[in-house]
Every structure is written in C-alpha cells, then in structure tokens.
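Chemist: sequence and computational prediction follow.
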Amino acid sequence: MELRHIGNIGERLVEEYLAAKGYLCHRNTRSPGSSDIEAVARSATLLVQVKTAIYPEQPADLTSEETQNLKARAEKSGAEAWGTKVTINATGQLVGKIAWVDLREIR
C-alpha cells in the first residue's frame, strides 16, 4: 500500500469520526501550517493533523515544526490544534481507537 494511500485512509477515518460527532469537515487543506482536516461545529473549530501507520507499526509523532506551525495557525484563527494517531490493518480497517493529542498542551 502506498504511503499516500495509507494517509488518506487515516484522514477518512478521522473525518468519519468527527462527522459522527457533528462536525463539518474539510480535508487536505494546504495553507502554511496546514492541517489534514479542518472540522467545524457550533462549539469549536478543530485543525487536525493525522498520522497513520499499518499495524504492527505505530504512527509517527508530529514533528516539533508540524506542531508549532499547526498551533500558530490555530491560534491565529481561534481554532483548536489537535494531532491524531491512526493504526490500520492491511485492508484499511481501524485497529484499536484513534489516539487524540491536544496540541495546546504541548509547549
């Protein structure tokens, strides 16, 4: 499976999760400090960076540069910055749960 395809699967799974929670999602934003998903609901706007891996591998952590860029963009727009880790199997099914990291808590 191509890396790009793996990432798209992870993004789709996170988007489906957020949509089920009432968020309107936009994928593959390409702004500076871009997020994979922008999710908007009445209560909050989320900028989400998704890292995906095929089991038994673990998704990578966001780099410090990715974290700082996403946090800066979120702060500028009044959104919340989040990172997610998604593990899938060889057929693209979610393994376990999506792990969420609130980037506002990372210095």
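Modeler: Arrived safely, thanks for sending. Predicted model only: the values in this text are computed from it and were never measured. Numbering: from 1, shown residues only.
Chemist: please make it C-alpha for all contacts and neighbour counts, starting now.
Modeler: Will do.
Chemist: so, low pLDDT: which residues of this protein?
Modeler: Scanning the chain for pLDDT under 70 picks out 29-34.
Chemist: tell me where it has strands.
Modeler: Using DSSP state E, the strands found in the chain span residues 24-27, 37-40, 45-54, 80-88, 99-102.
Chemist: relative to Glu11, which of those strands is closest?
Modeler: Closest approach to Glu11 among the strands of the chain (C-alpha to C-alpha): strand 45-54, 6.1 Å.
Chemist: next, the buried residues of the longest helix anywhere in the chain.
Modeler: Counting residues, the longest helix found in the chain (DSSP state H) is helix 3-20. Neighbour counts over helix 3-20 (16 or more other C-alpha atoms under 10 Å) mark 6-11, 13-15, 18 as buried.
Chemist: contacts for that helix, please.
Modeler: Here helix 3-20 makes contact (C-alpha atoms under 8 Å, 6 or more residues apart in numbering) with 24-25, 27, 36-37, 39, 50-54, 86-88, 92, 94, 98.
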